[in-house]
Every structure is written in C-alpha cells, then in structure tokens.
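Enquirer: The sequence and its predicted three-dimensional model are supplied below.
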Amino acid sequence: MTMADHLIGMLPPVPDCVTSARILLIATVFFLGVVARLLRNLAPHGTRRGLSIQVTDSAAAHRALVEHSASVLNRPIGVVPSGILTVERHYNILAAPYGPYWRAVRRNVTAGVLRPSNLALLGGTRARVLGRLVHDLRSGAPAAESIYFSVYSLIAEMCFGEEVVSELGETRLRAMHKLQTDFLSVLPSFGVFVRYPRMGKLLYPSRWRQLLALRRRQDESYLRLVAEVKKSNTDRKDDSRVKTYVESLLDLRILEDGGRALTDGEFVSLISEFLGAGTETTASTLQWTIANLIKRPDLQQKLRAEVDAVTSGQRSIIEEAELSCMPYLKATLLESLRRHPPLPFVLRHVGREVAAKVLGLTTVPEGGAAVNFLVGKIGRDPAAWSDPTEFKPERFMSTDGDCKNADLTCTRELRMMPFGAGRRACRRSRPPCCT
Ligand code: HEM
C-alpha cells in the first residue's frame, strides 16, 4: 500500500466526485513535493543539497588528507563544477580521477613549468609585467582589474610563450581574459549537468547552450594558439629558454595508455585550468595582501624598510635570490594566505570505511560521500591561533608561538592549508619565499 492509498483509506466514505477530487489533490501535493525536491537538488549554483559533510577540525583533516592520503585521492565528480568538462573525458588535473592520466599531467606541471628552477628563469617576464602593472595603477586604472590582468598576462606567457602572446596583442589577450572570467563565473551553475546529465539539459536548455558556446569559444582561441606554439617551435633553434606549458603538453605521452598524445579536448581543458587556477588564486592573494597593507600603514612601513634594506633603496625590482632574505615579506604572504585563502575549502570523495575509521562518521552511504575540508575555518581556528581574525604578519616572525604553524606542506601537522594537503594538494606553486 502506498502512502497515497493509506491516506485515502483513512478518509470517510463520500460521493465519487468528491473522492476523485481528493485523490487529485493528494496526487498533486505529492507531485509538487517531488518536483520541489528535484528543483532543490538542481539548485542553480551547483551546491549539493544532499549529504554534505564539512570538516573544520585540523587534526581530522590531517588524518584524512595526509595520513590516509592514499585512500582519499579523488574529488567527487558530481560536485566539482569543472567535472562538466569531463563528460567526454576531457579531464583537467583538478577533476581527473586518480590514475595514469592524472599522474602524467600532474607530474608534467609540477616537475616542468612550475619547477622552482624554471620559475627562477622568468625574472625578466615578471619584471616586465610588474612594470606595466605599476604604470597602469599610476595612471588611475581600476586596481583589481589591473592586478588580475597582470597576473593573467604572466600566466599566459608561461602557457604560450612570450612571442605568441606578444603577437596576439593586448586587445585579444584582454578578450581571452574576459572569456576566462565569464567562464569561471558561470561554471558553478553547470554542475547540474554533471549530476543530472539528461534531466539537467531538459530543464535548463539555455544554460546548456551557454556552456556549449563558451566551450566552443575556448576551443577556437586555445587551439589556434597551440598551433602557433607548434609552428614557432619548428622554426626555433634556441633550446636554452624556459619551456612553456603548451610545449610540455605537446611533448607529453601517457605511457600507461599506449603512449598516446593528448587529445584536443584535453589540451583545451588543461590550458583553461592553467590560466584559471593560476590567475585567480595568485591575483586574489595579491589583492588581499595589498588591501591589508593599505589598511595598516604601520605594516607597509616595515615592509618598505625590508625592501630598502635589500635593494639599498636603489632598485624597484627584487631579484629571486633576494627573497630568502626577506622574512617580513614571507610573513606577510603567509598571514594573507592564512587569513584569506583563495580557495576556502577543498573537496574529496571519501569512502564509507575511511569516513567511519578516520572521521568517525557512521551515516555515510555505501558509495561514500563528498567531504568539504574547510580551509578558511581551519586557518582561523581560535584553538590554534591567537587573535585569529587579526592580520598580524608578526605571528610568523618569532621562532615560537604561531610561527610553528607555518608548515605549508602539512606533512607533520596541519594548522593552515591554503594549498590543500595530501596527494592532491597544489604543490610547487607556492610563492618562492614561502616554500
Ligand atoms: C596563491 C596561489 C595558489 C593557491 C593558494 C592554490 C591553492 C590550491 C588548492 C587549495 C588546491 C586544492 C588542493 C587540495 O585539494 O588538497 C589547488 C589545486 C591545484 N592547483 Fe593551485 N593554488 C595556487 C596557485 C596555483 C597555480 C599558479 C597553478 C598553476 C598554474 C595551480 C594549479 C593547481 C592545480 C592543477 C591543482 C589540482 C591538483 C590536483 O588535483 O592534483 N595552482 N590549488
């Protein structure tokens, strides 16, 4: 007997037409209930309304992400917005399931373009981009926009190379940056197509068309640049320069998958990720750091004194090697990453057994659950940090107190994790003075 039958059974005998009306009413209420639940689950911003577990305890995060990192290797596909691009296996690194492809593309970026020795060779590019940023800010250009575009230009050069980017020109580079920000701002609302592929397309046809159009524009602009990198590579004799990200992707072979090269779809996903992940995180960190320095002229003065000491007050550019002699700059960046981590949480798919054993959760369904590790809250935990909401770089200057909390690798213990933790952490992309 269904719930509707049960309810009808409880009704007193009434004329037929009234019974039909009641059945219709009950059926309508049930139907509306089902539709309401469905729509709640299809919430436009991609937030999962089902089982959502949040971890704010740093010891539990360390146990799960570091001590049991071999068991929590994947992100929950249905909840990661970029998962939408994986429908045809066009994985980026972030969304790729653990396996040969993930290992190959991750190793390629960490041991290649983001290798500290490689980054050290980019001093000239950084100086040029910084010079243009200072010029833009002095001429009154909007600060946030200028910071984001400067970082984007730097990451674009690391991706395609100086020659290809300068041939592209500023107007077209700005258009590409706009495409990237448009894409990132609507990406969360596309999560619905990953969780409910058929129903999502049926209920949100215009959003689906918007996704396809954005992806097509990415295909067109990135693949054209890949072709130009390929062409300029064949013409070039000089091997001493820094290898760009696209060059490394062109050389990459997935050995455990028959030694295949990357597909066009994978190229587009990986380039989009590199430009997006590299720009948003770095620019947001810079923006928060500058905002805090503007609010606190006393901190600005301390930093100025350190810069003057290193450059003897003569130069506006700090060399890579000099960064290790700048403890106050390091402390300021660490404090910025602790107080305002660009990614406020990291996600993992956690199996039922690990959830019970490591996190003490006994209600996780058989297939496991999505777990949010709240990076922001962990970095502001009053049990681990004194005055956690204050912006105090000094906490990282002493050899005792909060200073011991600065281990960004989270290997031994975890008190802040702006770069995540465990095998899926963002490695090798830390600011050079914070490694
Ligand atoms: C201030 C700078 C940055 C911060 C704070 C940051 C933060 C993060 C965080 C929190 C994660 C998730 C880690 C986890 O799940 O445990 C991540 C992953 C990732 N980040 Fe970064 N990131 C930064 C810069 C960059 C840059 C410059 C790039 C590349 C150009 C990059 C590429 C990636 C990639 C590819 C992943 C996915 C790693 C994987 O799933 O294996 N990040 N990042």
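Expert: Perfect, thanks for sending it. The shown structure was predicted, so the numbers you read here are calculated from the model rather than taken from an experiment. Numbering: from 1, shown residues only.

Enquirer: How about residues contacting stretch 61-76?
Expert: 55, 83, 94-95, 97-98, 346-351, 354, 358-359, 369-371, 373, 378, 410-411, 413-414, 417, 420-425 (CB atoms under 8 Å, 6 or more residues apart in numbering). The way it works is simple: take the backbone N, C-alpha and C, and place the C-beta from them, glycine included.

Enquirer: Tell me which entries of these lie within helices.
Expert: Per DSSP state H, helices hold the following members of those: Val354, Val358, Leu359, Ile378.

Enquirer: Now for the residues you listed, which sits with the most neighbours around it?
Expert: Using other CB atoms under 10 Å as the neighbour criterion, Ile378 leads the ones in helices among the contacts of stretch 61-76 with 26 neighbours.

Enquirer: What distance do you get for whichever residue of the stretch 301-435 of the chain sits closest to the ligand to Thr285?
Expert: Relative to the ligand, the nearest point of the stretch 301-435 of the chain is Gly420 (2.0 Å; CB to the nearest ligand atom). Distance of Gly420 to Thr285, given as CB to CB, to the nearest Å: 15 Å.

Enquirer: And Gly276, by the same measure?
Expert: Computed as CB to CB, the Gly276 to Thr285 distance reads 15 Å.

Enquirer: And for Val246?
Expert: In terms of CB to CB, Val246 sits 25 Å off from Thr285.

Enquirer: Leu252 too?
Expert: From Leu252 over to Thr285 the distance is 28 Å, taken as CB to CB.

Enquirer: Any stretches of the stretch 1-150 of the chain with poor pLDDT?
Expert: 1-51, 78-89 (pLDDT under 70).

Enquirer: Now do the strands in the stretch 51-200 of the chain.
Expert: 53-55 (DSSP state E, counting those that start in this stretch).

Enquirer: For it, what lies in contact range of the ligand?
Expert: Applying CB under 6 Å from any ligand atom, we find that the stretch 51-200 of the chain lies next to the ligand at Ile93, Leu94, Arg106, Val109.

Enquirer: And the stretch 251-400 of the chain, by the same measure?
Expert: So the stretch 251-400 of the chain meets the ligand at Glu273, Phe274, Ala277, Gly278, Thr281, Thr282, Thr285, Pro342, Leu343, Val346 (CB under 6 Å from any ligand atom).

Enquirer: For those, give me CSV that also has neighbour count and secondary structure.
Expert: Output for these, formatted as CSV (neighbours: other CB atoms under 10 Å; DSSP: H, G, I helix; E, B strand; the rest coil):
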residue, neighbour count, secondary structure
Glu273, 19, helix
Phe274, 22, helix
Ala277, 21, helix
Gly278, 22, helix
Thr281, 19, helix
Thr282, 20, helix
Thr285, 19, helix
Pro342, 19, coil
Leu343, 17, coil
Val346, 24, strand
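
Enquirer: Break down the stretch 251-400 of the chain into its strands, ranges please.
Expert: 346-350, 369-373.

Enquirer: I'd like the ones you listed written out as a markdown table, with mean pLDDT added.
Expert: A markdown table is the format used below for the strands of the stretch 251-400 of the chain (pLDDT from 0 to 100):
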| stretch | mean pLDDT |
| --- | --- |
| strand 346-350 | 93 |
| strand 369-373 | 93 |
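
Enquirer: residues in contact with stretch 299-318?
Expert: 127, 130, 134, 292-294, 322, 325-329, 332, 391, 393.

Enquirer: Check the offset of that stretch from the chain's centre.
Expert: The chain centroid and the centroid of stretch 299-318 are separated by 32 Å, computed with CA atoms, centre = their mean, to the nearest Å.

Enquirer: Name the residues of that stretch that are buried.
Expert: Leu299, Lys302, Leu303, Glu306, Val307, Val310, Ile318 (16 or more other CB atoms under 10 Å).

Enquirer: Give me the subset of those lying in helices.
Expert: Leu299, Lys302, Leu303, Glu306, Val307, Val310.

Enquirer: could those be laid out in TSV, adding pLDDT?
Expert: As requested, those are exported to TSV (pLDDT from 0 to 100):
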residue	pLDDT
Leu299	97
Lys302	96
Leu303	96
Glu306	95
Val307	94
Val310	94
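
Enquirer: ok, back up a step: which of the contacts of stretch 299-318 are buried? Put it as a PyMOL command.
Expert: A single PyMOL command selects the buried members of the contacts of stretch 299-318 (16+ other CB under 10 Å):
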select buried, resi 292+293+322+326+328+329+332+391+393
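
Enquirer: and the two most separated of the contacts of stretch 299-318?
Expert: Pairwise distances across these peak at 28.1 Å for Ala127 and Phe391 (criterion: CB to CB).

Enquirer: what number of residues lie near the residue of the stretch 301-435 of the chain closest to the ligand?
Expert: Gly420: 22 neighbours (other CB under 10 Å).

Enquirer: from memory it sits against Val346, does it?
Expert: Yes. Using CB atoms under 8 Å, Gly420 is in contact with Val346, at 4.5 Å.

Enquirer: Need the residues touching each of these two.
Expert: Contacts common to Gly420 and Val346, judged by CB under 8 Å, 6+ apart, are Leu65, Phe373, Val375.

Enquirer: does the second one really touch Phe345, like I thought?
Expert: Read that as Phe373. Yes. Using CB under 8 Å, Phe373 is in contact with Phe345, at 6.2 Å.

Enquirer: Between those two, which is the more surrounded one?
Expert: Phe373 (28 against 17).

Enquirer: who does that one bridge with?
Expert: Phe373 forms beta bridges with Val55, Val346, as assigned by DSSP bridges.

Enquirer: give the contact list for it.
Expert: By CB under 8 Å, 6+ apart, the contact set of Phe373 is Val55, Ala61, Ala64, Leu65, Phe345, Val346, Leu347, Arg348, Met417, Gly420, Ala421.
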